[in-house]
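Undergrad: Make a model of this:
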Amino acid sequence: MKTPLFTLLFLAILISSCKKEESTPAAINLISNYSFETPGHDSTFVGWTSTCFLPGPVDNPMAPLVMDAPVGGGSWSMQLWPSWFPGDGSGETIITGQSGNNVYHVGSWVKCYQWYGTVSLQQWRNGQKISEKWVTDTTSSWTYVSFTDTLNTLPTDTLKVYLTAGATEVFYGWSRFDLVSLVKQ
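TA: Have a look, this model is predicted:
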């Protein structure tokens, strides 16, 4: 009779001494259209704007989406090319509603042809850019680039993930971007 009582006491102590593991919330990409395609694998440019457009009807230029993507990226990516000075060939998405002192991780797969591609995070307040951090790549195969930035934002601030192939008056090339992410850590 002593054995079952001892076993129950031992199990009670063991169970009560076990720590409950706190679950870490899953990282959520604040960019909803990060891979430029629908669940049905059709291209979509929803949530993005660009200075680059593919040839199409004058009154309906086509979004700069091409069938090329890194492994795990589906089928589509955004292709940008340098614009003539003073503008740049760019695409952007805007995130609102962030506030406080937060760490953000920005990442994207980039592929370049005879050019470079830049991924940046910009903070805007009252129509003025108040901070920007970026990473640039020139690799001709799909390469993941990323950085982390700490921002103190007000509820009225805007965060902009800005992709660019820059500006030129001489050279030509292109940059492709896919699986673009902005994650609050």
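
Undergrad: And the strands in the chain?
TA: Listed in chain order, the strands found in the chain under DSSP state E are 49-50, 65-67, 76-80, 83-84, 89-96, 100-113, 117-125, 128-137, 143-153, 158-168, 174-184.

Undergrad: Confidence-wise, which of the ones you listed is weakest overall?
TA: Of all the strands of the chain, the minimum mean pLDDT falls on strand 83-84 (a mean of 83).

Undergrad: Please enumerate residues in contact with that one?
TA: Here strand 83-84 makes contact (C-beta atoms under 8 Å, 6 or more residues apart in numbering) with 51-52, 89-90, 167-169. In this view, the C-beta of every residue, glycine as well, is placed from N, C-alpha and C.

Undergrad: Same check on stretch 62-80?
TA: With contact meaning C-beta under 8 Å, 6+ apart, stretch 62-80 is reached by 35-37, 41, 43, 45, 48, 50, 52-56, 89-91, 109, 111, 117, 142, 144, 163-165, 174-179.

Undergrad: Name whatever forms a beta bridge with the closest residue to residue 184 other than its chain neighbours.
TA: The shortest distance from residue 184 to any non-neighbouring residue, by C-beta to C-beta, 6 or more residues apart in numbering, is to residue 102 (5.2 Å). Residue 102 has these beta-bridge partners by DSSP bridges: residue 151.

Undergrad: again, but for residue 110
TA: With DSSP bridges as the rule, residue 110 is bridged to residue 143, residue 177.

Undergrad: unless I'm mixing things up, it is touching residue 176, no?
TA: Yes. Shown here, residue 110 and residue 176 form a contact pair, counting by C-beta atoms under 8 Å, at 7.0 Å.

Undergrad: can you pull the pLDDT of residue 54?
TA: In the prediction, the pLDDT value recorded for residue 54 is 76.

Undergrad: before we move on, back to that, what is in contact with residue 110 and residue 176 at once?
TA: With C-beta under 8 Å, 6+ apart, residue 110 and residue 176 have common neighbours residue 117.

Undergrad: Buried among the contacts of stretch 62-80? Need that as a selection in ChimeraX.
TA: Filtering the contacts of stretch 62-80 down to the buried ones (16 or more other C-beta atoms under 10 Å) takes a single ChimeraX command:
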select :35,36,37,43,45,48,50,52,89,90,91,109,111,117,142,163,164,165,174,175,176,177,178,179
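
Undergrad: how many other residues sit next to the nearest residue to residue 96 once chain neighbours are set aside?
TA: With C-beta to C-beta, 6+ apart as the criterion, residue 96 has its nearest non-adjacent residue at 5.7 Å, and that residue is residue 158. Residues within reach of residue 158, counting by other C-beta atoms under 10 Å, total 17.

Undergrad: Residue 158 against residue 126, yeah?
TA: No. In this structure, residue 158 is not within contact of residue 126 by C-beta under 8 Å, at 9.8 Å.

Undergrad: which ones are touching residue 129?
TA: Contact partners of residue 129, counting by C-beta under 8 Å, 6+ apart, are 122-123.
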